[in-house]
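>>> the amino acid sequence is not available; the structure is as follows:
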């Protein structure tokens, strides 16, 4: 079967605010002074498939920005527009069913646009293995990364305890979403768990069959809309379908329920840059343990993250803090609370400051 990669690029990246904003979320920014994360992802996956076999699915509000960013890298006709944000179950369901109609028999690999990977070759080899395993086993295949610390920001995948560390294709026992710190530590020490990298492979038919089984309302609503695909009223039909379906992740809706999933144990490095604190690993370090980027001056400040985008940041007497500023907004918080930025965004909205988001 022919192989295709679908890059999911519709997220808002709220935990990286104020660097990431709704009009220009984190997949469109650079975290290492190179290309933005979306372009880096395209370049990585095109080691496994030609550009013509690379699709991007994004929110309709980001389509024009996406076209501008990808330019001549992939065909603009390969950009799929979702009518609204309705989480990854909707994104994967709509895209799999649309491409099944357009392409016929195919193996699909869904990849988040905002992952950060240095080992390009290892990444390509793992994607190729996921394609092969998905077709040979006729099952859903996900990619897991060996955890390097007890992260509470990632989901975990449990594998058979008797599995050898050299085995790359393992049967999934269960998924666990973002555990508490003591649980994450236990998982790390057990050696039975991998981080969930958010990458999913499967034949179009297998993915659709799982959707039909576990989220039939997604299947029925989208299938009814796709009858009108190509007509001038299709946007209305697909928008109505999205209005009807539940806002839920594919992990919660399908993966946590399915009994027939395999995981590829990846060897490459990976980070989803889910917060300013995780971003710190990519930044320069000064002699006092501070991670930094941009223009800053610091007095008696240690072990902090300082990120200045177009402004000067000056700090005194800080330890283990995050200070991030743009010409529109500044955030200051302890490093251990970086994941709470998403809750802060809700308060910003309630207080009428949407223009800064």
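Nice, thanks for sending it over. Computed from a prediction, not measured in an experiment: that's the story for all the values here.
>>> going forward, measure contacts and count neighbours with C-alpha atoms only.
OK.
>>> and residue 84, what element?
Using DSSP states H and E, residue 84 is not contained in any helix or strand.
>>> okay but it is in contact with residue 239, surely?
Yes - at 7.5 Å, residue 84 counts as touching residue 239 under the criterion of Cα atoms under 8 Å.
>>> report the beta-bridge partners for the residue sitting nearest the centre point of the chain.
The C-alpha lying nearest the average C-alpha coordinate of the chain belongs to residue 112 (Cα atoms, centre = their mean; 3.5 Å). Taking DSSP bridges as the rule, residue 112 bridges to residue 8.
>>> low pLDDT regions in the stretch 51-200 of the chain?
In the predicted model, the stretch 51-200 of the chain carries pLDDT under 70 at residues 161-166.
>>> let's see 90
Applying pLDDT under 90 to the stretch 51-200 of the chain flags the ranges 71-72, 104, 114-120, 145-155, 159-170, 176-182, 184, 187-192, 197.
>>> strands along that one, start to end?
Taking DSSP state E, counting those that start in this stretch to define them, one finds strands in the stretch 51-200 of the chain at 54-59, 79-82, 106-112, 140-145, 156-159, 169-176, 193-203.
>>> closest to residue 34 out of those?
Residue 34 sits nearest to strand 106-112 of all these, at 18.3 Å, using Cα to Cα.
>>> how big is the angle separating that closest one from strand 140-145?
Orientation of strand 106-112 against strand 140-145 (axes from the mean of the first three to the mean of the last three Cα atoms, to 10 degrees) gives an angle of 40 degrees.
>>> for strand 106-112, which outside residues touch it?
Applying Cα atoms under 8 Å, 6 or more residues apart in numbering, the external contacts of strand 106-112 come out as 1-9, 92, 96, 100, 127, 131, 134-135, 198-204.
>>> buried sites along it?
By neighbour count with 16 or more other Cα atoms under 10 Å, strand 106-112 contains the buried residues 106-112.
>>> ok so, going back, now the buried members of the contacts of strand 106-112.
Buried, going by 16+ other Cα under 10 Å: 3-9, 92, 96, 100, 127, 131, 134-135, 198-204, out of the contacts of strand 106-112.
>>> how far is stretch 23-31 from where the chain is centred?
Using Cα atoms, centre = their mean, to the nearest Å, the mean C-alpha position of stretch 23-31 is found 12 Å from that of the whole chain.
>>> you'd agree residue 95 is up against residue 57?
Yes - using Cα under 8 Å, residue 95 is in contact with residue 57, at 7.4 Å.
>>> can you list residues touching both of those two?
residue 80.
>>> what about the closest residue to residue 260 other than its chain neighbours, distance to residue 76?
Of all residues not flanking residue 260 in the chain, residue 139 sits nearest, at 6.2 Å (Cα to Cα, 6 or more residues apart in numbering). For residue 139, the distance to residue 76 (Cα to Cα, to the nearest Å) stands at 31 Å.
>>> could you do residue 37 as well?
Residue 37 is 18 Å from residue 76, by Cα to Cα.
>>> more neighbours: which of these two?
residue 37 (23 against 18; other Cα atoms under 10 Å).
>>> not counting its neighbours along the chain, what's nearest that one?
Counting by Cα to Cα, 6+ apart, residue 27 is the residue found nearest to residue 37 once chain neighbours are left out, at 4.9 Å.
>>> neighbouring contacts of stretch 4-15?
Counting by Cα under 8 Å, 6+ apart, 20-22, 24-27, 38, 41-42, 45, 49, 53-59, 62, 85, 91, 106-114, 274-276, 338-342, 345 sit against stretch 4-15.
>>> helix/strand/coil for residue 238?
Secondary structure assignment for residue 238 (DSSP: H, G, I helix; E, B strand; the rest coil): helix.
>>> what pLDDT does the model give it?
Listed pLDDT for residue 238 reads 97.
>>> next, the contact list for it, please.
83, 222, 225-226 are the contacts of residue 238 under Cα under 8 Å, 6+ apart.
>>> how close does it sit to residue 308?
In terms of Cα to Cα, residue 238 sits 41 Å off from residue 308.
>>> find the nearest non-adjacent residue to residue 220, please.
Distances taken as Cα to Cα, 6+ apart place residue 212 nearest to residue 220, at 7.9 Å, with adjacent residues excluded.
>>> I meant to write residue 265 there.
The shortest distance from residue 265 to any non-neighbouring residue, by Cα to Cα, 6+ apart, is to residue 168 (4.7 Å).
>>> verify the stated contact: the one you found with residue 262.
No - between residue 168 and residue 262 there is no contact under Cα under 8 Å: 9.9 Å.
>>> the more surrounded of those two?
Ranked by neighbour count (other Cα under 10 Å), residue 168 and residue 262 place residue 262 first, with 24 against 18.
>>> tell me the pLDDT at that one?
pLDDT, read off for residue 262, is 95.
>>> in what helix or strand does it lie?
Using DSSP H and E, the element containing residue 262 is strand 261-266.
>>> what's around residue 75, how many residues?
Neighbour count of residue 75, defined by other Cα under 10 Å: 16.
>>> go on, residue 19?
Using other Cα under 10 Å, the number of residues around residue 19 comes to 25.
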